[in-house]
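J.: Please work out how this folds:
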Amino acid sequence: MLILTIRTDKPEAEIGLQTNEIKTAYVTWQADRELAETIHIKIREMLGEQGHNLHDLNGIVVFKGPGSFTGLRIGISVANALAYGLAIPIVGSVGKAWADRGVRSLGKGEHETVVLPEYGAPPNITLPKK
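T.: Prediction:
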C-alpha cells in the first residue's frame, strides 16, 4: 500500500511516501507563501524519483491541525482533491505521530470522505476593505 503524507501547517512544508508503515521518501522545503505553487511540483518530483506516479497511490494521510489557516487550507485542499480524483481513501490526523497513526488507520480500512482542518481557534477573517 503506497501512501502519500502531507503536512503544511507551518512555513516548512513536508510530504512523504510510505509503503505500509515504512517511510520510503520524505521531502521538506521552505514553502512560505509559495506553497500553492510548489506543492504539486514537489509531489510529482518525489513520486518520479521513487519510480511512481499519482495513479500508484493507494491512500493519503494529511495533517489536519492545529496550524496556519492558509497552510492547512492549501494542504488539505490538495489532499482532498487528489483523494477524490484518484478515488482513494484519505485520513486526517493530528499530534506528533500523525503520519504513522494515519497510515495505521488506512491499513485497518478506516478513512474519511473529506478531511476538514482543525485550526485550534476560530479563523480570524477580516472584512473586505471598502
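
J.: any weak-confidence spans in this structure?
T.: Within the chain, the ranges that satisfy pLDDT under 70 run 123.

J.: Using neighbour counts, pick out the buried residues of stretch 4-13.
T.: Residues 4-9, 13 are the ones in stretch 4-13 that count as buried (16 or more other C-beta atoms under 10 Å). Every C-beta, even on glycine, is put in place using the N, C-alpha and C of the backbone.

J.: and what of stretch 98-113?
T.: Of the residues in stretch 98-113, those buried by neighbour count under the rule 16+ other C-beta under 10 Å are 98-100, 102-106, 111.

J.: nearest to Gly92, of those residues?
T.: Nearest to Gly92 among these, counting by C-beta to C-beta, is Gly102 at 7.5 Å.

J.: The strand or helix carrying His40: how far from the chain's middle?
T.: Element membership for His40, per DSSP states H and E: helix 35-49. On the basis of C-alpha atoms, centre = their mean, to the nearest Å, the separation between the geometric centre of helix 35-49 and that of its chain is 12 Å.
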